[in-house]
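> show me how the following folds:
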Amino acid sequence: MFMTSTPLTLVSLSPSEIDPVPADVRAVIDLFATHLAKVTFPDVDAGSLRKQADEVRAEAKAIAQARDALAAAEAKAESRLTALTEATARAIAYARIYGQAHPDRRAILDAVTALDAPIEAPVTSLKRRGRPPKQRAGNAELFVQPQIENQ
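Numbering: from 1, shown residues only. This next block holds a predicted model:
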């Protein structure tokens, strides 16, 4: 027994978006939307295939939004870590000045001196997205004179 179904509209994608539905699957959907438009099989017709394709596209869009949210959260965490690192560098400078101004509190200056190594942001599991920065040669390498051999 053949049944007709009401066609569903496909989710339109902007040219910059890649359709997550494979081309061969889209071809089957097109076949059912054109040549087999008035034919239905148990659980399979043009409308049900379009609906499932739309669901796949919606999930792909949700994944993209989740990735964008993750990237924003990572950037915010990295920014806050940078601010904390800068604040701790200032804190050490203030503590050093305080320790030098109060020689009777030698333990403070000793503790600050023990922290003399420059504070750097710790290596975290945060991943930087995008292209890696260009590696630049140091100034010394830029101005090296070529060696001429005497013959």
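> for the rest of this, base every contact and every neighbour count on C-alpha atoms.
Will do.
> next, residue 44: phi, psi?
Phi and psi for residue 44, reported as degrees, to the nearest 10, are phi -140, psi 120.
> which pLDDT value belongs to it?
Predicted confidence (pLDDT) at residue 44: the value is 94.
> shaky segments in this structure?
By pLDDT under 70, the low-scoring segments of the chain are 1-16, 117-151.
> name the helices or strands packed onto the lengthiest helix in the chain?
For the chain, the helix with the greatest residue count under DSSP state H is helix 46-101. Contacts of helix 46-101 with other secondary structure elements, assessed using 3 or more Cα pairs under 8 Å, 6 or more residues apart in numbering; DSSP states H and E, are made with helix 23-33, helix 106-114.
> any idea how many residues pack against the residue nearest to residue 32 when sequence neighbours are not counted?
Among residues not flanking residue 32 along the chain, residue 46 sits closest, at 4.8 Å (Cα to Cα, 6 or more residues apart in numbering). Under the neighbour criterion other Cα atoms under 10 Å, residue 46 is assigned a count of 25.
> just to revisit the earlier point, make TSV out of the helices and strands packed on helix 46-101 and add distance to residue 89 and mean neighbour count.
Formatted as TSV, the entries for the helices and strands packed on helix 46-101 read as follows, by distance: least, Cα to Cα, whole Å; neighbours: other Cα atoms under 10 Å:
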stretch	distance to residue 89	mean neighbour count
helix 23-33	56	14
helix 106-114	11	14
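> adding distance to residue 67, write those helices out as JSON lines.
Rendered in JSON lines, the data for the helices and strands packed on helix 46-101 read as follows (distance: least, Cα to Cα, whole Å):
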{"stretch": "helix 23-33", "distance to residue 67": "24"}
{"stretch": "helix 106-114", "distance to residue 67": "42"}
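> closest one to residue 66 among the ones you listed?
Nearest to residue 66 among the helices and strands packed on helix 46-101 is helix 23-33 (24.9 Å), distances taken as Cα to Cα.
> hey, C-alpha coordinates of that closest one in CSV?
Output of helix 23-33 as CSV, limited to C-alpha atoms (Å, rounded to 0.1, in the frame of the first residue of the first chain):
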residue,chain,number,x,y,z
ALA,A,23,26.5,13.6,-0.3
ASP,A,24,25.4,10.0,-0.9
VAL,A,25,22.8,10.2,1.9
ARG,A,26,21.6,13.5,0.4
ALA,A,27,21.3,11.7,-3.0
VAL,A,28,19.0,9.1,-1.5
ILE,A,29,16.9,11.8,0.1
ASP,A,30,16.7,13.6,-3.3
LEU,A,31,15.6,10.3,-4.9
PHE,A,32,12.8,9.9,-2.4
ALA,A,33,11.9,13.6,-2.8
